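K.L.:
Pasted the sequence and its predicted model underneath.
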Amino acid sequence: MLALIQRVTRAQVTVAGKSVGQIGPGYLVFLGVIAGDTDADLDYLVKKVSALRLMPDANQKMNLSLTEANGEILVISQFTLAGNVARGNRPSFIAAADPKEAEKYYRRFITGLQAAGLKVKTGEFGAYMAVSLVNDGPTTLIIDSKKR
C-alpha cells in the first residue's frame with residue numbers, strides 16, 4: 001500500500017464540478033492499494049499517518065502531529081500510484097489492486113484514521129476527480145507499507 005502525503009494549507013476535491021471534500025491546514029493523502037496488500041499493510045499505514053509529526057510548531061519545525069495541530073486530512077484514492085513506467089512510456093497499472101479490494105481498503109483506511117481521532121474528508125472512490133491544493137513547505141512524503 002502506498003500513501004503520498006502532502007502537508008497543505010488547504011485542499012479541495014471536486015467531482016463533476018461539485019466540491020465533495022475540503023480541508024484547511026493538514027494532510028492531503030493519495031492512497032494507492034497494491035495487489036496483495038494485507039490488513040498488516042493497512043494497519044501500518046493507519047498508525048504511521050496518524051502519528052506523523054509534519055505540522056510546524058511555534059518555531060516552524062516539523063514537530064506536531066495532526067491532532068496536536070488541530071489539522072484535517074483529505075484522503076483521495078489513487079490507483080495510479082501503482083503505475084510502472086520501467087518498460088515503455090505508457091504506464092502499466094497491473095500492480096494495482098482489483099477495484100473492489102482497493103475500495104475495501106480505502107474505506108477501512110478512512111475508518112482507521114477517524115478511529116484515531118482525526119478529522120477526515122474524502123474524495124469519491126472510482127470517480128474522475130479534480131484536486132486542488134496549496135502545498136505547505138513544500139512538504140511531500142511517500143510511505144510504502146512494504147518498506148517497514
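P.N.:
Structure's in. What do you need?
K.L.:
Give the other helices and strands that the longest helix anywhere in the chain contacts.
P.N.:
In the chain, with assignment by DSSP state H, the single longest helix is helix 99-115. Secondary-structure packing of helix 99-115 (3 or more Cβ pairs under 8 Å, 6 or more residues apart in numbering; DSSP states H and E): helix 39-51, strand 72-77, strand 119-122. In this view, the C-beta of every residue, glycine as well, is placed from N, C-alpha and C.
K.L.:
The second one to helix 39-51, inter-axis angle?
P.N.:
Compare the direction of strand 72-77 with that of helix 39-51 by axes from the mean of the first three to the mean of the last three Cα atoms, to 10 degrees and you get 150 degrees.
K.L.:
now strand 72-77: mean pLDDT?
P.N.:
Averaging pLDDT along strand 72-77 gives 98.
K.L.:
Which stretch among the helices and strands packed on helix 99-115 is buried most, on average?
P.N.:
Across these, the average number of neighbours (mean count of other Cβ atoms under 10 Å) peaks for strand 72-77, which reaches a mean of 24.
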